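A.B. asks: curious how this folds, go ahead:
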Amino acid sequence: MELKRIISVVLSATVSIIVFALPVRAVTLKSSNNFVIKNGVLTGYNGAGGAIAIPNGVKSISNGVFEDKNITSVNISSSVTDIGMGAFMDTNLTSVTIPGSVKDIEEGAFEDCASLTTVSIQSGVKEIDPFAFQNCSNLMSVTVPKSVTLFVLEAFDGTPWIENYIDDCQSDFVEVGNNILIDYKGSGGNVVIPNGVTDIGTVFEYNTTIKSVTIPSSVKILDNFAFCHCPNLKSVEIPSSVTIICGDLFDDSDTLGYDKSEPATGTVTVYGNAGSEAQSGAKENGAKFKPISNMCLDKPSGTYTGNITVSGWAISVNGVSRVDIYVDGKGLGSVPHSKFTERTDIERIFGAQGYTDLNHSGFSYSISKGKLKNGNHTIRAAVIDNQGNVLWSSQKAFTVKA
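C.D. replies: Below is the predicted model of the structure:
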């Protein structure tokens, strides 16, 4: 009798263990069977589709993992930093939220999702690659945060959202994300891009009306084909703030007037600072190059025992705002353009090169005796144009002697 009680207790405990343990084990096996994960990379999916949740700990979703699967909704874990090419292509998603942990939405990630109507991209996402949402034919609502620094129109080709976004914009300059210029709706002529724009995409491609483009110092990136097929474009002013020129700016025979297989005889002039990305970009694209600003510091030089006269000339295609004077690296003062004097020699030399107000290009500044200590000194001048571009003169040496 005692033995039966012992057996009964053991059996009861065993059943309890089975009752409580089996459900936990079943869930674990199901999750493992649905997702193939290796070293934080989701490389495969074996589930039936429907609503899914990317497991926490997944850092990257590989190319084409869910392509053509019957995925109707997805919860993307905040551990994910990259969504691979075609990862959710041709699925049945109706909406998706991209967490800020994701830095790059790669090419075609959500392409051909015909049921997709809403996309919310949270702050932190930096890049939306070409074709990421292409041909999502019912996509009506997209939130693009300021954190996005790479955006091209091709990412949303074939979506009603991008067409409506451009049409609804009240400005001639259509911006998105971190002030990325994606379209121009103006009448052409001499175009001055507004300050604040950081990136210029293929905005002016096939534009037959623009003649010149002035780019502000806020711009850092010029994308491929930004000025492609612009037959009447004659000049582009590129500030020193531009550090990236992505490939071909004028890659066509209309803009440059030459076949790329033959020697360049281009008609476009790029204005920029000497030694800048603008100069190398002009060379690579077969365009002419001229400095935005030009200047020369004529005096002082030699030895001085009294007042010191600083003189030279400064010009800019944008017009000169002022010249700042620096001695031994410290600012001493400025000469506003209203105080400039006539320099007929400069007008004669640069008259046909696009610079403005050449007849008033000379400047002078007086350093009073006793302002500087005896000994050797260095001096430089900086010309600031009306667009805020800065060009420094070469350094000169002089001596103060009692």
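A.B. asks: got any ranges where the protein has weak pLDDT?
C.D. replies: 1-33, 247, 251-267, 352 (pLDDT under 70).
A.B. asks: could you chop it up by domain?
C.D. replies: The chain resolves into domains spanning 35-165, 175-290, 293-400 when parsed by automatic domain parsing.
A.B. asks: ramachandran coordinates for residue 296?
C.D. replies: phi -150, psi 130 (degrees, to the nearest 10).
A.B. asks: from residue 382, how far off is the closest residue to it other than its chain neighbours?
C.D. replies: Spatial nearest neighbour of residue 296, excluding adjacent residues (C-beta to C-beta, 6 or more residues apart in numbering): residue 312 at 5.1 Å. Heads up, the C-betas are built off the backbone N, CA and C, glycines and all. Distance from residue 312 to residue 382, counting by C-beta to C-beta, to the nearest Å: 11 Å.
A.B. asks: same question, residue 90
C.D. replies: 57 Å.
A.B. asks: what sits against residue 232?
C.D. replies: Neighbour list for residue 232: 188, 208-211 [criterion: C-beta atoms under 8 Å, 6 or more residues apart in numbering].
A.B. asks: remind me which helix or strand it belongs to.
C.D. replies: Under the criterion DSSP states H and E, no helix or strand holds residue 232.
A.B. asks: got phi/psi on it?
C.D. replies: Given degrees, to the nearest 10, the pair of backbone angles that residue 232 has is phi -100, psi 0.
A.B. asks: let's number from 509 now, not from 1
C.D. replies: Let's use 509 as the start, then, which means that last one is residue 740.
A.B. asks: which residues of the stretch 759-908 of the chain fall in helices?
C.D. replies: 761-764, 785-792, 852-858 (DSSP state H, counting those that start in this stretch).
A.B. asks: among the ones you listed, which is nearest residue 837?
C.D. replies: helix 785-792 (26.0 Å; C-beta to C-beta).
A.B. asks: which helix or strand contains residue 670?
C.D. replies: Residue 670 belongs to helix 668-676, assigned by DSSP H and E.
A.B. asks: list the helices and strands that helix packs on?
C.D. replies: Packing partners of helix 668-676 (3 or more C-beta pairs under 8 Å, 6 or more residues apart in numbering; DSSP states H and E): strand 649-651, strand 681-684.
A.B. asks: dump those strands into TSV; add mean neighbour count and distance to residue 561 as well.
C.D. replies: Formatted as TSV, the helices and strands packed on helix 668-676 follow (neighbours: other C-beta atoms under 10 Å; distance: least, C-beta to C-beta, whole Å):
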stretch	mean neighbour count	distance to residue 561
strand 649-651	15	21
strand 681-684	20	29
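A.B. asks: now distance to residue 620 too, for the ones you listed, in a markdown table please.
C.D. replies: As requested, those are exported to a markdown table (distance: least, C-beta to C-beta, whole Å):
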| stretch | distance to residue 620 |
| --- | --- |
| strand 649-651 | 16 |
| strand 681-684 | 22 |
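A.B. asks: for residue 799, which of these is the nearest?
C.D. replies: strand 681-684 (26.4 Å).
A.B. asks: contacting residues around the closest one?
C.D. replies: Contacts for strand 681-684 (C-beta under 8 Å, 6+ apart): 652, 656, 659, 673-674, 689-694, 701-702, 705.
A.B. asks: just the buried ones among these, please.
C.D. replies: 652, 656, 659, 673, 689-692, 701, 705 (16 or more other C-beta atoms under 10 Å).
A.B. asks: okay, those residues in CSV with secondary structure and distance to residue 835 next?
C.D. replies: Output for those, formatted as CSV (DSSP: H, G, I helix; E, B strand; the rest coil; distance: C-beta to C-beta, whole Å):
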residue, secondary structure, distance to residue 835
652, coil, 48
656, coil, 45
659, strand, 46
673, helix, 52
689, strand, 41
690, strand, 46
691, strand, 48
692, strand, 45
701, coil, 36
705, coil, 36
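A.B. asks: list just the nearest of these to residue 563.
C.D. replies: Using C-beta to C-beta, those come closest to residue 563 at residue 656, 26.3 Å.
A.B. asks: right, and the helices of the stretch 759-908 of the chain - which one's nearest residue 568?
C.D. replies: Per C-beta to C-beta, nearest to residue 568 of the helices of the stretch 759-908 of the chain: helix 785-792, 32.4 Å.
A.B. asks: can you add distance to residue 833 and give the contacts of strand 681-684 back as JSON lines?
C.D. replies: Formatted as JSON lines, the contacts of strand 681-684 follow (distance: C-beta to C-beta, whole Å):
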{"residue": "652", "distance to residue 833": "45"}
{"residue": "656", "distance to residue 833": "42"}
{"residue": "659", "distance to residue 833": "42"}
{"residue": "673", "distance to residue 833": "48"}
{"residue": "674", "distance to residue 833": "47"}
{"residue": "689", "distance to residue 833": "36"}
{"residue": "690", "distance to residue 833": "42"}
{"residue": "691", "distance to residue 833": "43"}
{"residue": "692", "distance to residue 833": "40"}
{"residue": "693", "distance to residue 833": "44"}
{"residue": "694", "distance to residue 833": "39"}
{"residue": "701", "distance to residue 833": "31"}
{"residue": "702", "distance to residue 833": "31"}
{"residue": "705", "distance to residue 833": "32"}
